[in-house]
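# Any chance you could fold what I've pasted below:
(2 chains)
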Amino acid sequence: MDVTVRIRRFNPEAQNNKKPYWQEFTLTNVDETDRVLDLLHRIKWEQDGTLSFRRSCAHGVCGSDAMRINGINRLACKILMRDLGGTKIQVEPILGLPVLKDLIVDMEPFFAHYREVMPFFVNDDPVPADGRERLQTQEDRERFDDTTKCILCAACTTSCPSFWANGKYVGPAAIVQAHRFIFDTRDQAALERLNILAEPNGVWRCRTIYNCTPACPREIEVTRAIGEVKLAIQKGTPHGIIQVHEIKERVVNS
Amino acid sequence: MKIHQFDAVIVGAGGAGLMAALYASKGGANVAVVSKLYPTRSHTGTAQGGIGAALGNKIGDDPNEDKPIYHAFDTVKGGDYLADQNAAKVLAEEAVDSVIELEHMGLPFDRTSEGRISQRRFGGHTLNFGEKLAYRACHAADRTGHMILQTLYQQCIKNNVRFFDEFHVVDVLMNQGVCVGSTAIDLATGEFHVFHAKATLFATGGWGRCWSVTSNAVSLTGDGAAVVMRRGVPMQDMEFYQFHPTGIFKLGILITEGVRGEGGVLINRHGERFMEKYAPKVKDLASRDVVSRAIYMELRNGNGIKGKDYVHLDIRPETVNRYLAEAGESKRIDRDYVEKKLPDILDFCRTYLGVDPVKEPMPIQPTAHYAMGGIPTNVDAEVVTDENWTILPGMYAAGEVACVSCHGANRLGTNSLVDLVVFGRRGGKAIANFVKTAPMTPLPANPTRQIEAEFDRLRRSNGKTKAYVIRDAMQKTMMENVGVFREEKAMQQAIDDLRELRERYVRDLVIDDRGSKFNTDILEAWELGCLLDLAEVTAISAINRKESRGAHSREDYKKRDDEHLLVHTLAYRECDEPYYSGTPDYRLNMDKKVDLSLALEDERFKPKERVY
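Down below sits the predicted model:
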């Protein structure tokens, strides 16, 4: 089939008229199993080498190619023509981050928020004396499985109207990352993370708009994870990782 | 041009690079990681099935009494006896401690009912020197690589490792016989940056994009290997390139060996479990080279599904349970089990094929997957440049780009992840020690003169041929002529094709984007140059090795030749200018003997015929 791809372009080095603009490309012999990434590659390779976008693994695992496709955040490598229906496609950069060139945005503010939530394992106890692994039950491991899937593609954060309105909000992805550690029985820094997320630009910026969950290419229940973090801030976590009295102490101390 | 100075610079931010960075910085070195991608985009993240380590965790009723020496044996046998046995020993022994350490860093491994790290079966991994299949692959569902990459990146953030994200390394700098750093382009600005360092470690991954059907990311263009080769470092054992048996038909996307580890089977058009013919003992869990050849033989004999070039991989519970019962095993699986153990595989098949593997078998074909060869190193990740193991001071390599050689002629599944953490860690430690006493050798005069000239030339390219045309032709000839089965005439065809393509690349390329910022047009063209170099050295090394061993399977020399060829190939690129103004020659050295140190102590490690 023939397909028209309408792309939001921006050339930071344009001699004159340095504004974003729309450009249409027509492709022939497109298969319904072609990924949007395949189409972008064909445009870049066959028609216009200046078209710029990020990509790497091309099968939905590395998180490089989140973009807004027909108005919805998706990975270009994980959405096929048959998923979109129709023969007209519109592609633009994800929203809420500065556009650097064409579909490439500045990811630094996104990763800065990620780093804010202590996205790393903390356990200062000595390791087991037998030199082996720390033990964890299958149920405790299951508790945070969903949020281990995050690939930091930014599809959720840049679909969030609260983030669009206020770039200081840490955003869904950072909360997902915090969730992965807060609910891990082996980790010891849950309270610090909950403190960070209880700040004005933490979880309470989330108004449960629910854009993030359908945007996630890994099918993480993002809104649910945020809700669990909100609840943990108020009532402590299940399995007693954080007790209610610790939360109260925090409130009193602040 | 900007100049940065660090004790150590790690090029590449996959598992090996991050592990090295972590250990070099823990050892007190001032470290920077330079990567053309954001670290979490690295290809380590796509590894699925598991990381091998002889933990010997009890699995169900199976005591699974495992030992590192069994892992070393499987690695040596899997490598068709070309692996350096000292390296295989280090790999197997340190795998145990490395995996435990990853768990201590927070890696969320799946758990056994006793709360220990869960392990699954994988091709070629056995107990007691081939007696029965081992549960050795430690896993986090089927996204083990993702969890390793995330965990190591998290730890680097915790340890304040300095990152230069989206800096594309395009040259390595030598002076006074020492590696003194590297040159990178800042993608955002197009500026050249020199990273002056006492130690530079290359962990840039592989070059699967030399072939048309590959599991490798689009960014796996072998840049690290190509830039050091152009500066005189040999490439070792380039003829050994692994085709993974199970890539999604046409797309090449990896379907983990863990599918077969969980009981999945390969089936031809007659509904026959054909691996019973080729590997009677371990069947579908023979090593990858054996299984890939078996699939090709089936296709050649007209046993492909619907007469096409694919076979089926079947993980439907009814199929798996039938074969488990036949084998007298007590394990049974159901739909939930498959969903839990292989969620990403199900997702890939549903997304890209519209096939639900719980209900239908998956169409698969072998896919270009992993370079056993690469930059020669010793077990401390120090780069060595000849058959006498002469060290090139200041240069290190680890991970897929390196050739230790612990994988020999064919890597076992899970051993790539082991390689990353074991030799990344050893490299990091070695660097931390080295920089304590090593001087900072000065940079050469005009360090970026040649590479800037090369990029100016590329930028001005105004011929008629687009880069993708050359790339497609290269991938096609490599797939047809330097693939799973090889013979003299076809490989010569590939060499001739590649030389003609190089000529077009130099004389007739056209570039659209003349800008500086995020000029991915030029960088893709530059990456193509790396691929052309690596494809050529692969084909030349392959045509020179007149035997069949591991992944290098020749129809005109079907036997392994241990009498003459228990040696590594070292290929030196010789060219007046390091870049593309001339046609390079390759000088091959076949004097580097395989280390057989384990065989000296234990008969069982002596090379013998490989049967699975």
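# Any idea how many residues pack against B:Ala438?
Applying other Cβ atoms under 10 Å in any protein chain shown, we find 15 residues neighbouring B:Ala438. Yep, even glycine has a C-beta here, placed from its N, CA and C like the rest.
# I'd assumed B:Ala197 was in contact with it.
No - using Cβ atoms under 8 Å as the test, B:Ala438 is too far from B:Ala197 to be in contact (10.1 Å).
# Common neighbours of these two, please.
Common neighbours of B:Ala438 and B:Ala197, counting by Cβ atoms under 8 Å, 6 or more residues apart in numbering or on different chains, are B:Gly394.
# Distance check, B:Arg554 against B:Ala83.
Look at B:Arg554 and B:Ala83: by Cβ to Cβ, to the nearest Å, they are 20 Å apart.
# between the two, who's got more neighbours?
Between B:Arg554 and B:Ala83, B:Ala83 has the larger neighbour count (other Cβ under 10 Å), namely 32 against 20.
# That one: what secondary structure?
Three-state assignment for B:Ala83 (DSSP: H, G, I helix; E, B strand; the rest coil): coil.
# Could you check how far it is from chain A?
Plainly put, B:Ala83 is 27 Å away from chain A if you go by Cβ to the nearest Cβ, to the nearest Å.
# One more: B:Pro39?
10 Å.
# Surely that residue and B:Ile10 touch.
No - B:Pro39 is not in contact with B:Ile10 according to Cβ under 8 Å; the separation is 10.4 Å.
# between those two, who's got more neighbours?
Counted by other Cβ under 10 Å, B:Pro39 and B:Ile10 do not tie: B:Ile10 has more neighbours, with 37 against 26.
# So what's the residue count around A:Cys216?
23.
# Which pLDDT value does the model give it?
Per-residue confidence for A:Cys216 comes out at a pLDDT of 98.
# Also the one 5 residues further on?
In this prediction, A:Glu221 carries a pLDDT score of 98.
# list the contacts for the residue in the stretch 101-250 of chain A positioned nearest to chain B?
Nearest to chain B, among the residues of the stretch 101-250 of chain A, is A:Phe121, at 2.5 Å (Cβ to the nearest Cβ). Counting by Cβ under 8 Å, 6+ apart, A:Phe121 touches A:181, A:184, A:186-187, B:105-106, B:151, B:154-155.
# cool, B:Asn175 as well?
B:441-444.
# I would like a PyMOL command selecting only the buried ones among these, please.
Those of the contacts of B:Asn175 that count as buried under 16 or more other Cβ atoms under 10 Å in any protein chain shown are selected in PyMOL with:
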select buried, chain B and resi 441+443
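# Specify which member of the contacts of B:Asn175 is nearest to A:Ser56.
A:Ser56 has its nearest neighbour among these in B:Leu443, at 31.1 Å by Cβ to Cβ.
# Let me see the contact set for the closest one.
Counting by Cβ under 8 Å, 6+ apart, B:Leu443 touches B:3, B:173, B:175, B:180-181, B:194, B:196.
# The same query, at a cut-off of 6 Å, please.
Shown in contact with B:Leu443 (Cβ atoms under 6 Å, 6 or more residues apart in numbering or on different chains): B:180, B:196.
# For B:Glu191, see how far away it is.
The value you get for B:Leu443 to B:Glu191, if Cβ to Cβ is used, is 17 Å.
# and what of B:Val96?
In terms of Cβ to Cβ, B:Val96 sits 45 Å off from B:Glu191.
# in the stretch 1-150 of chain A, which spans are strands?
A:3-9, A:21-27, A:66-69, A:72-75, A:88-92, A:99-101, A:104-105 (DSSP state E, counting those that start in this stretch).
# who wins for proximity to B:Arg288 among these?
That would be strand A:72-75 among these, by Cβ to Cβ, at 28.5 Å.
# before we move on, the earlier item: so for B:Val96 and B:Glu191, which residue has more residues nearby?
B:Val96 (22 against 14).
# before we move on, the earlier item: which among the contacts of A:Phe121 gets closest to A:Glu108?
For the contacts of A:Phe121, the nearest to A:Glu108 is B:Gln154 (17.9 Å; Cβ to Cβ).
# ok, whatever helix or strand that closest one lives in near chain A or not?
Assigned by DSSP states H and E, B:Gln154 falls within helix B:144-158. Yes - under the criterion of Cβ under 6 Å from any Cβ of the partner chain, chain A is reached by helix B:144-158 at B:154, B:157-158.
# how about the helix or strand following that helix: buried residues?
Next along the chain after helix B:144-158, taking DSSP H and E as the criterion, comes strand B:162-165. Neighbour-count burial for strand B:162-165, with 16+ other Cβ under 10 Å as criterion, is recorded at B:163-165.
# quick revisit: please report the distance of the residue of the stretch 101-250 of chain A closest to chain B from B:Arg514.
Where B:Arg514 is concerned, A:Phe121 sits at a distance of 46 Å (Cβ to Cβ).
# Chain B contacts on chain A?
Going by Cβ under 6 Å from any Cβ, the residues of chain A near chain B are A:12-13, A:45, A:49-50, A:52, A:55-59, A:61-62, A:64, A:101, A:104, A:115, A:119-121, A:127, A:133, A:135-138, A:141, A:148, A:152.
# Show the model's pLDDT score for residue 78.
No chain was given, so I picked chain A. As predicted, A:Lys78 sits at a pLDDT of 97.
# wait, chain B
For B:Gly78, the predicted pLDDT is 97.
# And B:Tyr135, by the same measure?
For B:Tyr135, pLDDT reads 97.
# With the one 4 residues further on instead?
B:His139 is assigned a predicted lDDT (pLDDT) of 97.
# which non-adjacent residue is nearest it?
Among residues not flanking B:His139 along the chain, B:Gly50 sits closest, at 3.8 Å (Cβ to Cβ, 6 or more residues apart in numbering or on different chains).
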